[in-house]
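K.L.:
Predicted model follows, preceded by the sequence.
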Amino acid sequence: MRVFVAVQLQGCSICYMVSGVLLFDADISIHQCSSHDCIAEQELDVETIESVDQDENTTKLASLEKTRDMPLGVTVRNEHDRVIISRVVSGGPTEKSNLLSEGDETLEINGVPVRGKSVNDVHNILMHVKANFSYDPSEDPYVPCRELGLSFQKGDVLHVTSQDDPNWWQAYRDGHEDQKPLAGLIPDLLSSGKLWCAKKGKKQRKKLLFNPSKNIEHYTEDILTYEEVALYHQPPNRKRPIALIGPPNSGHDELRQRLLSLEPDRFAGAVPHTTRKPRAHEVNGREYNFVSRQSFESDLAAGKFTESGEFEQNLYGTNTDSVGQVVNSGKICLLCLHPRSLRVLCSSDLKPYIIFIRPPPPPQERFSTLLTRETLEKVREMEHSYGHLFDAVITNTEQEKSVSELLRLIDKLDIEPQWVPSDWVS
């Protein structure tokens, strides 16, 4: 994670881009932060920092590459409405960098002005993680105090307030910070991995987000137990693409077509690429982007296709460039994808919003049929292997209700910030 810290110095202001996590605890010390002397400076216009006085001062951007093994060597305090650096520890990375001094005022963190905020407010800005597993302290024989253990469900966002203990972090569930006097204990990243693997009966620790060499029918995807997340509010002119995921009989493609027909000025599909020759009525860039086989294979090797295939010796696929064209036009790009395609989409800069479409529950008299069992198994596999990527889930019992729910979720993206992987923001 990269944390941007703007501080007001005597005679100028400097914006620090720190790669890592800053955590302020109750005694307003900074923990779990360290750096080495890898400094890059860049002149920026002073107006890029909202809280900086508009004078002859310039803004400098310094980058410190951090690890988690050493403290940054600096503490802060509140002084009236300001957050002030109160101490630079002798011999620490901050002193060696010669970039921060006692008395400097912290102006912004991750672009959020902190003047007027308490130090306790400051760490709300800093570290949140999404849990990719469920945890019940009453079932954990290793939790040091069950009464202090924090239970959570898969998908919950946790505000981590302390990582001082090597095995147990302190955290709140997002939104509960003001409702409970004490933070709860959650297993740290390594302990949670061991705990999850013990539940799954696996010997190896789950740690990778994707394993594209395997397919959904034959593997359980490796997943991070916690994923660091940050709040993101989509700009008005750059809408997040909507990816609908579901088994073949879930009706997700029909829902996509319904949205496209309902609001064609708001929604659009990505124009696919193909290596076949255009037919008489077809226009390049409308029905298809017609490209050479060499160009198609080059983009395919570069990982630019979310999905691709071959039919009658011609290649077809959806290129992330086509998705980007829709996004840049100000419209919302609607996609129906196989879950394996999410690997490419999520690693792009497109910031997709992913909705899983469940098929309706089968009638009781058909529950035991082979087709129904296969469908239910496919749903379980998708949710187990890719559920950590889903932003929302809709059970498609009735199309009109599902369309209304889709529109409600899409409308919410314009109103409320959403939790996304922190790398997408930094």
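P.N.:
Received it, and whenever you're ready, just let me know what you need. Residues are numbered from 1 along each chain as shown.
K.L.:
pLDDT weak spots in the protein?
P.N.:
With pLDDT under 70 as the threshold, the chain has low-confidence stretches at 1-75, 89, 92-94, 100, 108-112, 119-126, 177-180, 190-223, 363-371, 426.
K.L.:
how's it carved up into domains?
P.N.:
Dividing the chain into domains by automatic domain parsing, as the record does, gives the ranges 2-120, 128-207, 232-425.
K.L.:
so which of those domains comes closest to residue 225?
P.N.:
Proximity to residue 225, assessed across these by C-beta to C-beta, is greatest for domain 128-207 (4.1 Å). (C-beta placed from N, C-alpha, C; glycine too.)
K.L.:
quick revisit: turn the domains of the chain into CSV, columns for distance to residue 225 and mean neighbour count.
P.N.:
Supplementary listing: the domains of the chain in CSV, determined by distance: least, C-beta to C-beta, whole Å; neighbours: other C-beta atoms under 10 Å:
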stretch, distance to residue 225, mean neighbour count
domain 2-120, 16, 16
domain 128-207, 4, 16
domain 232-425, 10, 16
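K.L.:
closest to residue 224 out of the ones you listed?
P.N.:
Checked against C-beta to C-beta, the stretch from the domains of the chain lying closest is domain 128-207, at 6.1 Å.
K.L.:
hang on, isn't residue 319 packed against residue 302?
P.N.:
No. With contacts counted by C-beta atoms under 8 Å, residue 319 stays clear of residue 302, the gap being 10.0 Å.
K.L.:
For the domains of the chain, could you give me CSV that also reports distance to residue 226?
P.N.:
Rendered in CSV, the data for the domains of the chain read as follows (distance: least, C-beta to C-beta, whole Å):
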stretch, distance to residue 226
domain 2-120, 12
domain 128-207, 4
domain 232-425, 10
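K.L.:
I'd assumed residue 172 was in contact with residue 183.
P.N.:
Yes. Using C-beta under 8 Å, residue 183 is in contact with residue 172, at 5.7 Å.
K.L.:
Quickly list what's touching both of the two.
P.N.:
Both residue 183 and residue 172 are contacted by 150, 161, under the criterion C-beta atoms under 8 Å, 6 or more residues apart in numbering.
K.L.:
Look up how far residue 81 lies from residue 118.
P.N.:
10 Å (C-beta to C-beta, to the nearest Å).
K.L.:
next one: residue 166
P.N.:
Using C-beta to C-beta, which is the criterion applied here, residue 166 is 36 Å from residue 81.
K.L.:
got it, and residue 142?
P.N.:
Residue 142 is 43 Å from residue 81, where distance means C-beta to C-beta.
K.L.:
And for residue 235?
P.N.:
30 Å.
K.L.:
What of residue 317?
P.N.:
Here the distance between residue 317 and residue 81 works out to 55 Å (C-beta to C-beta).
K.L.:
what's residue 150 in contact with, if anything?
P.N.:
Neighbouring residues of residue 150 by C-beta under 8 Å, 6+ apart: 135, 137, 158, 171, 172, 173, 183, 184, 185, 186.
K.L.:
Please repeat the previous calculation with a cut-off of 10 Å.
P.N.:
Contacts for residue 150 (C-beta atoms under 10 Å, 6 or more residues apart in numbering) come out as 135, 137, 143, 156, 158, 169-173, 176, 180, 182-187.
K.L.:
And for residue 327?
P.N.:
Counting by C-beta under 10 Å, 6+ apart, residue 327 touches 234, 237-241, 268, 270, 320, 333, 349-352.
K.L.:
One more pass at 8 Å, please.
P.N.:
Taking C-beta under 8 Å, 6+ apart, we find residue 327 in contact with 238, 239, 240, 241, 333, 350.
K.L.:
Touching, the fourth one and residue 335? I think so.
P.N.:
Yes. Residue 241 is within contact range of residue 335, at 6.0 Å (criterion: C-beta under 8 Å).
K.L.:
Identify the contacts common to these two.
P.N.:
Taking C-beta under 8 Å, 6+ apart as the contact rule, the neighbours common to residue 241 and residue 335 are 323, 345, 352.
K.L.:
pretty sure the first one is touching residue 332, no?
P.N.:
No. With contact taken as C-beta under 8 Å, residue 323 and residue 332 are classed as non-touching, separated by 10.9 Å.
K.L.:
what's the overlap in contacts for those two?
P.N.:
Between them, residue 323 and residue 332 share these contacting residues under C-beta under 8 Å, 6+ apart: residue 241.
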